[in-house]
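Engineer: got a structure for you, letters missing:
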C-alpha cells in the first residue's frame, strides 16, 4: 500500500496513487473538508476586498462604470437624492471593497459547486465508481489553498489576475489525478469531464467579473 503523504507533497507532485492513499486513510473521520473550504473562501474574499479598497483608494482601479450605473439607476427610479452624493458614494473605495467581498462570497461557492457537480456527473455517466463525498474530500483539499493564493494575487492587480488564470489551469493537474483515484475510469474520460467542468467554471468567472 502506498504510504500516506502530506497534502503539500501531493499538490506539488500529484499522482493517482497518492490520492488513493489519502482516500484509504480518510475513512469517515476527516469529513468532506467543507469547513476549510469555507474558511479559505472567507480569507480570499477579505484579501480581494482589501486589495480592491487599496487600488481604488490609490486610483489604480476604474470605478467610472459603477458610478454611471448608480446615477442612471437613481434617475430611472426617480429617487429624491443628491446626485453628487450618489456619485461620491458609488465611487467610494469602501463600496468597491464591500461589493467584491459580498460578490465573491455569493458567486464563488456556486461556481465551485457547478464545477464539482459537472465533473462528478460526467464521470458517473462514463462509468465512474466513486461517490460525491470522496470527491469533495479530495477536491476541497486542492481548492482550499488555491482560494487563499487567489486572494493574495489580488494585490498584484492585472498581472495577478493573469497569474490566477494560470493557477486555475494548474489545479486541473491534481484534479485530474484526484478524479482518476476516485472514479477509476480511463484517462480520456477524466480529461473529457475536466474539460467541460473547467469550461463552465471559466465562463462563470468571466460573467461574474462583469458584476463585481
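Structural biologist: On my side now, so go ahead. Fair warning: this is a prediction, and the values are worked out from it, not measured in the lab.
Engineer: residue 189: neighbour count?
Structural biologist: Residue 189 has 18 neighbours, counted by other C-beta atoms under 10 Å. (Each C-beta comes from the backbone N, C-alpha and C, glycine too.)
Engineer: I misspoke; the intended subject was residue 200.
Structural biologist: Residue 200 has 16 neighbours, counted by other C-beta under 10 Å.
Engineer: per-residue confidence for the residue positioned nearest the centre of the chain?
Structural biologist: Geometric centre of the chain, nearest residue: residue 108, 5.3 Å, by C-alpha atoms, centre = their mean. As predicted, residue 108 sits at a pLDDT of 93.
Engineer: could you do residue 122 as well?
Structural biologist: 95.
Engineer: ok, now residue 26?
Structural biologist: 69.
Engineer: re the thing from before, give me the nearest residue to the residue nearest to the centre of the chain, chain neighbours excluded.
Structural biologist: Spatial nearest neighbour of residue 108, excluding adjacent residues (C-beta to C-beta, 6 or more residues apart in numbering): residue 41 at 5.9 Å.
Engineer: just residue 201 next, same as before
Structural biologist: Nearest to residue 201 is residue 115, by C-beta to C-beta, 6+ apart, at 4.5 Å.
Engineer: burial measure for the one you found, as a count.
Structural biologist: Per other C-beta under 10 Å, the neighbour tally for residue 115 reads 23.
Engineer: in stretch 90-108, what counts as buried?
Structural biologist: 90, 92-93, 95-97, 100-101, 103-105, 107-108 (16 or more other C-beta atoms under 10 Å).
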